[in-house]
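> sequence and computational prediction follow.
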Amino acid sequence: MDMSAVFNIERFWNLQKRELAMYWKQYLFIVCGIAAYYTIATVWESIDTGWLWNMLPPVYVAIIICSISFDKNLSDANSTFYFTLPVSTFERFLGLWIKYIVIIPLLVFGVSVCLDFISSLFVSTTHPVVKFSDWWDYHMLYAAQSVFLFGYACLKKRSFVKTLSLIAVFFIFIIIVSKIIISQFYPEVSYIRSSMDPISILSFNGYWIPEGDSSHFVATQATLLYDVAKYILAAIFPVGMWVLTYFKLRETEV
């Protein structure tokens, strides 16, 4: 098999130059939008409560996760031309992957760092840059983003709303299944202390057992079923979704 048919650096570079020429306004919109919101939140915090400021991390995360849903390459107007470009499916997928997995997250956090530095020159209070405590936070971010990437490749028109609906159904299903399993394995449980992220909802570190008017916490290791389910989901999101997105693009290719 000729590898140049799968990936050619010159061909890929030309594709990226085309993408930058067509969609540089998207990057500019992200920068200006973050800067405007940051400025308003900072001013508002000085005259009232800081609730706008507290919404900055969710805004950053929403931009990273959901921006793929508003890409125009697979729209009805552009998809035919996009799929007739002289590039391979892998190059198309890699271009999307770099843009939404690498460039936009770096752009968001880079703008945040710059704004934090600039604001520190004018206001006495310092605002922390958005940080993730460990690799699992990054994994959760990209897990959610991979779902929107796959939804974009499959659903195209109004993919944002459709993907959100499917995610809601999936989370409800996971919660129901987890509660059924917990009730079967731990019928004495009155309260389960677990993490709040739905993808790892099957894993918990203990439960409360009632004792008269009080209760005590009993630590426990996750069962094999919980452990297996957790790591299967961790593999599917995001890596499995990226693979499915690639094959969906390949299937759609003219």
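Good, I have the coordinates.
> and residue 8, how close does it get to residue 70?
29 Å (Cβ to Cβ, to the nearest Å). Where you see a C-beta, it was placed from the backbone N, CA and C, and this is true even at glycine.
> more neighbours, those two?
More neighbours surround residue 8 than the other of residue 8 and residue 70, with 17 against 12 (other Cβ atoms under 10 Å).
> output the lowest mean pLDDT helix or strand found in the protein.
Here the helix or strand of the chain ranked lowest by mean pLDDT, DSSP states H and E is strand 191-194, holding a mean of 46.
> give me the contact list for stretch 162-169.
69, 147, 148, 151, 152, 155 (Cβ atoms under 8 Å, 6 or more residues apart in numbering).
> if we go to 10 Å?
For stretch 162-169, the external contacting residues (Cβ atoms under 10 Å, 6 or more residues apart in numbering) are 66, 68-69, 144, 147-152, 154-156, 198.
> which of the residues you listed lies closest to residue 177?
residue 198 (11.3 Å; Cβ to Cβ).
> could you list the buried residues of stretch 6-24?
Buried residues in stretch 6-24, defined by neighbour count with 16 or more other Cβ atoms under 10 Å: 8, 12, 15, 19.
> in contact with the nearest residue to the last one once chain neighbours are set aside, which residues?
Translated: residue 19. In space, and not counting its chain neighbours, residue 19 is closest to residue 95: 6.1 Å by Cβ to Cβ, 6 or more residues apart in numbering. Contact partners of residue 95, counting by Cβ under 10 Å, 6+ apart, are 12, 15, 16, 18, 19, 73, 87.
> and the first one, what helix or strand is that in?
This means residue 12. Assigned by DSSP states H and E, residue 12 belongs to helix 9-47.
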